[in-house]
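> Based on what follows, work out the 3D shape:
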Amino acid sequence: MSVILKFAETEDELNQILSLQSLNLFNAVSAEERKSSGFVTVKHDIELLTKMNNAARQIIAVDNGIVVGYALVMVKEFSEMIPVLTPMFEMFDTISYKNKKLSSYKFYVMGQICIADTHRGQGIFEKLYFKHKEAYADAFEICLTEISESNSRSMRAHEKVGFKTVHSFKDKTDQWNIVLWDWMT
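Purely as a prediction, here's the structure:
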């Protein structure tokens, strides 16, 4: 496998992330594909992704110069830049883990993770996450994200890495699980 993991460094790489994202958005894939292969929910634009990358480098998987996977870092400071995610960040003030509010931990949110369909099943998902831990565990105690309960492939993949569900809730769009990866143990 010629896939390398690295930090996103160029605008072209950020645009390739957005292209891969567009192919895997909830509305871009069939119901059958959503069930079997998963999907992503939030659509970013180049301005926001550039700001996110300047705040904390995004980690990408590249095969022969083509971005075939990405795992986005969303630090707390971006909690209001994607309105659909603001309620999740607000919930971190109400959810406890080990007798401490999630918002009290040093954390970031996995802003989104996606692997190109041509490269799924090759362990890239796990490698991206372990690259995150290698890069960011000294600065953060936990990594958080929320996953649609209907995205069973993503739930299984996150559990395999080490995430555990700490809260479930329903909103007007779906049933969601807030999952946490504890880097303190």
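> okay, CA-based contacts and neighbour counts for the rest of this
Fine.
> For Ser154, see how far away Ile17 is.
As judged by C-alpha to C-alpha, to the nearest Å, Ile17 and Ser154 stand 18 Å apart.
> Tell me which of those two has more neighbours.
Ile17 (26 against 22; other C-alpha atoms under 10 Å).
> Report pLDDT for the more buried one.
On pLDDT, Ile17 comes in at 97.
> And it, its phi and psi?
phi -60, psi -50 (degrees, to the nearest 10).
> ok, it touching Val67?
Yes: under the criterion of C-alpha atoms under 8 Å, Ile17 makes contact with Val67 at 6.6 Å.
> Mind listing the shared neighbours of these two?
When contacts are counted by C-alpha atoms under 8 Å, 6 or more residues apart in numbering, Ile17 and Val67 have no shared neighbour.
> Not counting its neighbours along the chain, what's nearest Ile60?
Tyr70 (4.2 Å; C-alpha to C-alpha, 6 or more residues apart in numbering).
> I figured that neighbour was touching Asp63, is that so?
No: if you go by C-alpha under 8 Å, Tyr70 and Asp63 don't touch, sitting 11.9 Å apart.
> out of those two, which sits in the more crowded spot?
Ranked by neighbour count (other C-alpha under 10 Å), Tyr70 and Asp63 place Tyr70 first, with 31 against 15.
> State the helix or strand in which that one lies.
If you go by DSSP states H and E, Tyr70 is part of strand 66-75.
> Which elements pack onto that strand?
helix 11-24, helix 46-55, strand 59-63, strand 107-115, helix 124-136 (3 or more C-alpha pairs under 8 Å, 6 or more residues apart in numbering; DSSP states H and E).
> If you count contacts, what does the helix or strand of the chain with the lowest mean pLDDT end up packed against?
Sorting the helices and strands of the chain by mean pLDDT, DSSP states H and E puts helix 31-37 at the bottom, at a mean of 78. Counting contacts by 3+ C-alpha pairs under 8 Å, 6+ apart, helix 31-37 is packed against helix 152-161.
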